[in-house]
Structures are given as C-alpha cells and as structure tokens.
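>>> here is a sequence together with a model predicted from it:
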Amino acid sequence: MDILIIGGTVFLGRALVQAAQQAGHSLTLFNRGVSSPEAFPGIETIIGERSTDLSRLAGRRWDAVIDTCGYFPRQVRHSAQALAESVGRYVFISSVSVYADTSQPGVDESGAVGTLQNENVEEITGETYGPLKALCEQAAEAELPGRVLIIRPGLIVGPYDRSDRFTYWPWRVDCGGQVLAPGRPERGLQFIDVRDLAEWTLALIEQGATGIYNADGLPENVSLGELLETCQEVSGSVSRFTWVDEAFLLENQVGPWMEMPLWIPESDPQAGGFFAISVAKAAASGLRYRPLRQTIADTLSWARTRPVDYKWRAGMSAAREAELLHLWEKR
C-alpha cells in the first residue's frame, strides 16, 4: 500500500514508519523537517506546514493518510479537505481523553465525548485537550464521510517517548536506592507499547477498517507494583520501594501524573475508569501485546542513550523525592 504519514519522525510516527517498512508498504512523510529530520533518510519526505500550505501534496495519490499530529479542528479540516481526492482513507490518531466521563470502568467507543463552549479555542490544557481531539475527529469525518478510521489511544509508552511519563519508572528504578512509590501497589494501570499500537493500526488499514477504536492495554492486566518489580528485574537494580499513601501525597502537594508519573488520586471523580477503558473492540480486531519486560527493557535501553544532563519532562527530582521520603519516615 502507498501510505502518507503527517509527521513520521517523533514517537508514534517513528513507530508507524518502522512497522510500515517491515510490512513492505510504500511511504511518504509530510512534516516541517524540524523534529529528527535525519531519522529516515531513505524515505521521501515532503517539507511543509500542514496548517497553511498543503499544495506540495497536490496531484498525488495514496491509499491512506495517517494523521499523527492533529490537535485543532481547523488543522484537521484543512488537511482532510486538501486530501479528500488524494487518499482512500483518513486515519486520525485521537485519544481516550475525548471521553467526558471516565468515573466508571468500561468506557467504550460509544461513550459521550467532551465539548467546549468555544470550539475555536487553540490553547491546549487539561480541560481542552480531549474536547479538541473530539472536534478533530468530527472534522475529519465531515470531510471524508465513511472513509475515516479513528484510533483513540490511552497512554502510549516505549522507546522515543519524549513525555517521560512511563520512562521515568524504568530509569528511576535502575538508578537504585530508596524509591518513592505512590499509593497502592495493587492498583491497576493501563498503557500500550507504541510498537503494538503502530503494528495494529497498520493491520486495520490493510483490512480496510473505518470507525472508532479505543487502543490501550488490557484493563487490570498490570498493577503499579508489578510494573516496578518488573523494572527491578529487568535492570538488575537493588532499589527499595517505599509505598507512600495517597493522603500523604496530597497533603504534600505532589503533582499527579507529571511530577508523580502514572499516579492520579483515587479520590479524583474521574479516576474510577481512567485505567479501565474498554479495548474489547480492538482486541477482537487483532490488537496484541508484547511482554511487559520487553517494553521496559527497550525503553530503558533507549533512555540510557540520552545525555547525562537531559531535562526530564515528567518525574520527581531527586531532591524532592528525598525530602518526601524523609517526611514520610518522620510522620
């Protein structure tokens, strides 16, 4: 198949390119040439700005386009309009953050999505990100009715993840010492390896799929305790875990999700189903998962290649962790 990828050099885009190459597909990338432009020198790359000028894509034909970086409906509408006569299908990478209510487990593709009072807003915050993705989905479907495949991933993890929300844990455990672990070790998590997501997305394209699919790990398949113990086994670390309860974390104003990755307070009204999104439709369509050990090992190997002075985008500083551990022991 001939596939156009909008993006293609950062994280999911990179994994999609690698999976497509392995499957024997012909690829074209369209991006600004800013992020890792050296990643795939052998693949045709068209340099341009998706929001303003797609003229360099005119007169071409692809079986599908994969839009990995649409955040505002204006962007997606512009791309979909420009490509309506050039592609067979429009694949939009959305997010499970579109759902208005994750207070209960088992939210599936029929769940109500969030809305915005001002649909023209173009500032991404915790409140606008999901509804904006939902509007992007609607924009694509409006321009190419019946020809859109929407993928709604949860937390995507693995090598080249620049968010650090998962990478923090293999790295921190590998560093050794006393590790502050948040909440209950038996609490379930949900995430998906970027390579599993990429391979399955391409399989759906090959099958001619359209419609909406959640894409996440199996609910309750991995606990936080199991994740940390597996990080320890993979790295060979002699770290020690100190489990700190939620009340203490909240009292000391520990920031959920970014300062303390993979932790959101169980008292949060939306927490009940946050790590329990239904992936029954995806599983039935062929989504498969590699072993947790492989995801951790490959993520850690990649993280070790980064500069010593790398500035982490998520995770707790050593000083903050030491301070909290000291307070916990004194309580």
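Yes, it's here. Numbers count the residues shown, from 1 in each chain.
>>> list the contacts for the spatially most central residue of the chain?
Closest to where the C-alpha atoms of the chain average out (C-alpha atoms, centre = their mean) is residue 156, at 3.1 Å. Residues in contact with residue 156 (C-beta atoms under 8 Å, 6 or more residues apart in numbering) are 11, 12, 191, 192, 193, 194, 197. Using the backbone N, CA and C atoms, a C-beta is placed for each residue, glycine as well.
>>> same list (these) but as a markdown table, adding pLDDT, secondary structure and neighbour count.
Below are those laid out as a markdown table (pLDDT from 0 to 100; DSSP: H, G, I helix; E, B strand; the rest coil; neighbours: other C-beta atoms under 10 Å):
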| residue | pLDDT | secondary structure | neighbour count |
| --- | --- | --- | --- |
| 11 | 97 | coil | 21 |
| 12 | 97 | helix | 25 |
| 191 | 98 | coil | 22 |
| 192 | 98 | strand | 24 |
| 193 | 98 | strand | 25 |
| 194 | 98 | helix | 27 |
| 197 | 98 | helix | 26 |
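>>> tabulate these (CSV), appending distance to residue 265.
CSV is the format used below for the contacts of residue 156 (distance: C-beta to C-beta, whole Å):
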residue, distance to residue 265
11, 27
12, 28
191, 18
192, 23
193, 26
194, 27
197, 27
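>>> which among the residues you listed gets closest to residue 169?
Nearest to residue 169 among the contacts of residue 156: residue 191, at 10.8 Å, using C-beta to C-beta.
>>> so that closest one is in contact with residue 163, correct?
No. Contact criterion C-beta atoms under 8 Å: residue 191 and residue 163 do not qualify, at 11.4 Å.
>>> for this protein, which segments count as strands?
Taking DSSP state E as the test, the strands found in the chain are 2-6, 26-31, 44-47, 62-67, 87-93, 148-153, 156-157, 178-182, 188-189, 192-193, 211-215, 222-223, 240-244.
>>> relative to residue 68, how far out is the residue nearest to the centre of the chain?
For residue 156, the distance to residue 68 equals 11 Å [C-beta to C-beta, to the nearest Å].
>>> between the two, which contacts overlap?
residue 12.
>>> need the contact list for residue 215.
Residue 215 touches 151, 152, 153, 154, 192, 197, 200, 201, 279, 282, 287, counting by C-beta under 8 Å, 6+ apart.
>>> tell me what it is bridged to.
Note on residue 215: beta-bridge partners by DSSP bridges are residue 153.
>>> pull the number of nearby residues for residue 93.
Look at residue 93: counted by other C-beta atoms under 10 Å, it has 25 neighbours.
>>> which strand residues sit across from it in the sheet?
Bridge pairing for residue 93 - DSSP bridges - gives residue 151.
>>> okay, it and residue 24: tell me how far apart.
In this view, residue 93 and residue 24 are 22 Å apart by C-beta to C-beta.
>>> equivalent analysis for residue 11, please.
Counting by C-beta to C-beta, the gap from residue 11 to residue 24 is 23 Å.
>>> what about the chain, any weak spots by pLDDT?
By pLDDT under 70, the chain contains no weakly predicted segment.
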